[in-house]
Structures are given as C-alpha cells and as structure tokens.
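Trainee: model this:
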Amino acid sequence: MSGKKIAFIIITVFAILVLLIVGFVCALVFGVNATIKNSDSYKTAISYIEADPEIAGITGEITGYGFFAQGNVSTTNGYGDAEYTIKAIGQNRDLKIWITLKKEPWGSWEVTDCRFERFSPTDEL
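Mentor: Numbering: from 1, shown residues only. Purely as a prediction, here's the structure:
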C-alpha cells in the first residue's frame, strides 16, 4: 500500500472513532436529561413553579423551560431529596429557579424551598 492509502485509512478510522465517542456522549447527556425531566420530583417542581402566583406575576405565562435540566435526585428506602436549577421561559421575563424537594416513604414529593432571580442572557444554565 502507498503512503496516501495508509494515511487515508488512519484518518478514516480516527474520524469514525471521534464520531462514535461524540455520539456516545450525546446519547448519555440526552438520556440523563430525559430521565431527570420524566422523574416525579421534576414534575412536582414544574407543577409548583406553574402554580406559584409570584413567579407567574414576574414571568407572565410560562412558555417553556430550559433544554437541559440541572440538579440531582437521591432516593433511599423511600426517602428522597432533590434539588434543581430550572430556567423558566416566560412571556414577560425569564427566571432562574432553585427548587428543593423532599419525599418521605409512601409519600409524595414536596417542595421545601423555592428561590428565583431574573435570568440574564449572559448567565449559563
């Protein structure tokens, strides 16, 4: 084989490996994001945000939420703790919301703390 063919094969194999790694990372990130957004604790947080009159007064109607969910959930023997940072996209203004939830065995998720600030376009979420 000529040097050009060997270089082409090496570059092709390298490109395929890079694409496989990028695909795996994307699948992992999107899978974790979907898992968080489909969890009972996240759904409870969203319901709380949508029902809060103070948040509604600032945002106007909420039209969506940030694409990536940030936070963590921990459950052990029916007890649970969850913390999220959620970007609420409103008609009038966007908010960055920090919300904390707890769960007792055989109970439902309950919001224990909710704080927010106006979202600046330069903030990362």
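
Trainee: can you check which strand is longest in the chain?
Mentor: Using DSSP state E, we find that the single longest strand of the chain is strand 79-90.

Trainee: in a helix, that's where Gly107 is, yeah?
Mentor: No - under DSSP: H, G, I helix; E, B strand; the rest coil, Gly107 falls outside any helix and is assigned coil.

Trainee: how about it, phi and psi?
Mentor: phi -110, psi -180 (degrees, to the nearest 10).

Trainee: from here on, count from 148
Mentor: Sounds good: first residue 148 from here, last item Gly254.

Trainee: quick one, what contacts the residue nearest to Phe215 when sequence neighbours are not counted?
Mentor: Residue nearest to Phe215 in three dimensions, not counting chain neighbours: Asn180, with 5.7 Å by C-beta to C-beta, 6 or more residues apart in numbering. Using the backbone N, CA and C atoms, a C-beta is placed for each residue, glycine as well. Counting by C-beta atoms under 8 Å, 6 or more residues apart in numbering, Asn180 makes contact with Phe214, Phe215, Ala216.

Trainee: whichever of those end up buried, select them in ChimeraX.
Mentor: Per 16 or more other C-beta atoms under 10 Å, the buried members of these correspond to this ChimeraX selection:
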select :216
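
Trainee: nearest to Ile233, of the contacts of Asn180?
Mentor: For the contacts of Asn180, the closest approach to Ile233 (C-beta to C-beta) belongs to Ala216, at 7.0 Å.

Trainee: for the closest one, which non-adjacent residue is spatially closest?
Mentor: That would be Ile183: by C-beta to C-beta, 6+ apart, it lies 4.3 Å from Ala216.

Trainee: let me see the confidence value for that neighbour.
Mentor: The model reports Ile183 with a pLDDT of 86.

Trainee: how about the contacts made by it?
Mentor: Contacts of Ile183 by C-beta under 8 Å, 6+ apart are Tyr189, Ala216, Gly218, Val220, Tyr231.

Trainee: now, the most widely separated pair of those?
Mentor: Ala216 and Val220 (10.2 Å).

Trainee: find residues that contact each of these two.
Mentor: What both Ala216 and Val220 touch, as defined by C-beta under 8 Å, 6+ apart, is the set Ile183, Tyr189.
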